[in-house]
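In: I would like to see how this sequence folds:
(2 chains)
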Amino acid sequence: MSIKAVNLTHIYGEGTAFEQYALRDVNFEIEDGQFIGLIGHTGSGKSTLIQHLNGLLKATSGELYYNGENIYAPGYDMKALRSKVGLVFQYPEHQLFEVDVFSDVCFGPKNQGLKKEEVEERARKALELVGLDESFYAQSPFELSGGQKRRVAIAGVLAMDPEVLILDEPTAGLDPKGRDEILGQLERLHRDRGMTIILVSHSMEDIARYADRLIVMNHGEKVFDDTPRNVFRSYKELESMGLAAPQVTYIVQALRREGIPIDDSLITVEEARDAILSMVGLKTGRTEKKQNA
Amino acid sequence: MGIIKAVNLIFDYIKRDEDEQIEGVDRAIDGLSLDIQEGSFVAILGHNGSGKSTFAKQVNGILAPTEGTVLISGMDTRDEGHIWDIRKTAGMVFQNPDNQIIGNIVEEDVGFGPENLGVPTEEIWKRVDESLEAVGMTAYRLKSPNKLSGGQKQRVAIAGVMAMRPKCIILDEPTAMLDPNGRKEVIRTVHELNRREKITVLLITHYMEEVVDADRVIVMDDGKLVMDGTPREIFSRVRELKQYRLDVPQVTELAYELAEAGLPVSRGILTMDELLSQLVPYMKEHRICR
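Out: Take a look at the predicted model:
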């Protein structure tokens, strides 16, 4: 079970004077249950890329396989693909439209042709997953806070029961607590239900904390594909692409320049704190370095 | 008296049913008093729904107080006769650059404001030149705004406000939709306007790193002002900030955690250099040799 891209290429305005490569020979394989961070500056091709993954855009050349099947093969069921690969756009709350929260979340599964009971069961589960209880069901989605609206919109996609969830900057414009809540919920979906998550983000701090694999796009090409630790070591190259590393990476690098031999793969505040404390002989043992990341 | 002054400001969003009967009242600002000095750089923090954007809209008269008073350079925002002067004094920049740009080419977009004010053509061009120069976008004046990056679009939006010759600019999460480079670009531009042109800046943001160079930080919660001080004072109160659904920059958080664990590092550290200057000598002295 995986998503596999082979020489995926997308050209906007092919054959015209404005011809532009949005994706150029992108290759990767995403196994089930991974939590992937996807970064790149505005216009790097990351939004184009994620729209290929559920068939909203078709590649100019190259192939895309979902669970071993070529999605560009004649007769491939694109509609089924779109419910398996859920895509949450930027500012998804702009797409809320129903009179109440519950009906809004029901819209997707209803369109999948499910029975009413099943639709409602899905909606209840999805709302529970994003932490909205029954007191929200009858409320108008337009009267909720920014973070709550966004959770309703994410629930709308979860109600389609996807195997893969792709989110384009799900925390933009949210306050720090709202940001942590959404990301915490994604982490639980990933951990408890084994859902594959692809998170597009401009926040390197969030990527460092949650993703176990990081793909970096630049000018339509995949330039890094590794653990966040390894990618953030190349912070200078990231900067040349208009990106950055988490602040902690810079602190660690500066300490090393000062002659302090601290591990250069530390990317979160907790890791840096524990490393510094243990170097001066104080132990905390509160957090262990994430092994897989 | 400062350029922006709010006295016991209250603002209610009133919800009405189909027959225009009042269904509910939502108090967005609840007794806010505030005085902002001309030429200062003030950051406003607060969670979603804390009232920051509602306050911003009070400052240039998009919303008028339910109770209390807002004075901009001494002009009462409830006085309709002053509304255009108020908007010329205090210009706004919003979150989404695409919603604010209307011109087909950059210089046209920047000239739109003064043209609407009836400024003579020659003077408009002079202002366009100066405004584009001030945000570092002169090289792009004949480009289509659609071809610009997010950070560049926001700088054009700021130039459009500058062309109105305001004394004060209010930016409501201007970097929320930008990538790291775009964010830096916009924040740098705003600081330069503040320093060189002496423009008063009111910056609303959720990015704590953008706040460290402000003169003053204000925290709002539930429509009230709950914290008010220099970045150092505010960011040394990590627990309190978290209570208000906020956060601190990573370097501040690391310093705080190390201080909590007993290291001689001060709380409220804002920059990496500060942390290093305290941490490095200590670590060199106390490092356990392995």
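
In: kindly list the longest helix within the chain.
Out: If you meant another chain, say so; for now it's chain A. Longest helix of chain A, by residue count under DSSP state H: helix A:176-193.

In: let me rephrase: I mean chain B.
Out: With secondary structure taken from DSSP H, chain B has its longest helix at helix B:180-196.

In: in that one, which residues are buried?
Out: By neighbour count on 16 or more other C-beta atoms under 10 Å in any protein chain shown, the buried set for helix B:180-196 is B:180-187, B:189-191, B:193-194. Any C-beta I mention is one placed from the backbone N, CA and C, and that applies to glycine too.

In: helices of chain A, start to end?
Out: Counting by DSSP H, the helices of chain A are A:46-53, A:78-84, A:101-111, A:116-129, A:146-158, A:176-193, A:204-210, A:228-233, A:235-240, A:247-257, A:269-279.

In: could those helices go into CSV alongside distance to B:L263?
Out: Below are the helices of chain A laid out as CSV (distance: least, C-beta to C-beta, whole Å):
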stretch, distance to B:L263
helix A:46-53, 40
helix A:78-84, 50
helix A:101-111, 47
helix A:116-129, 40
helix A:146-158, 35
helix A:176-193, 25
helix A:204-210, 22
helix A:228-233, 24
helix A:235-240, 25
helix A:247-257, 13
helix A:269-279, 8
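
In: and of those, who's closest to B:V201?
Out: With C-beta to C-beta as the criterion, B:V201 lies closest to helix A:176-193 of the helices of chain A, at 21.8 Å.

In: B:R232: neighbour count?
Out: B:R232: 16 surrounding residues under other C-beta atoms under 10 Å in any protein chain shown.

In: what parts of the stretch 101-250 of chain B come near chain A?
Out: B:149-150, B:173, B:176-183, B:206, B:208-209, B:242, B:245-247, B:249-250 (C-beta under 8 Å from any C-beta of the partner chain).

In: count of residues packed around A:D77?
Out: Neighbour count of A:D77, defined by other C-beta under 10 Å: 12.

In: hmm, back to that, for the longest helix of chain B, packing partners?
Out: On a contact count with 3 or more C-beta pairs under 8 Å, 6 or more residues apart in numbering or on different chains; DSSP states H and E, helix B:180-196 meets strand B:41-45, helix B:121-134, helix B:150-162, strand B:168-172, strand B:200-204.

In: tell me what angle it forms with helix B:121-134.
Out: On the basis of axes from the mean of the first three to the mean of the last three C-alpha atoms, to 10 degrees, helix B:180-196 is oriented at 120 degrees to helix B:121-134.

In: look up how far chain A lies from B:A90.
Out: Taking C-beta to the nearest C-beta, to the nearest Å as the measure, B:A90 and chain A are separated by 23 Å.

In: that residue is in contact with B:I72, isn't it?
Out: Yes - assessed by C-beta atoms under 8 Å, B:A90 is found in contact with B:I72 at 5.4 Å.

In: find the residues that touch each one of these two.
Out: Residues touching both B:A90 and B:I72 (C-beta atoms under 8 Å, 6 or more residues apart in numbering or on different chains) are B:4, B:59-60, B:168.

In: so what's residue 45 up against?
Out: No chain was given, so I picked chain A. For A:G45, the contacting residues are A:10, A:22-23, A:26, A:217, A:219-221, by C-beta under 8 Å, 6+ apart.

In: chain B was what I was after
Out: Shown in contact with B:L45 (C-beta under 8 Å, 6+ apart): B:52, B:204-206, B:208, B:211, B:217-220, B:234, B:244, B:246.
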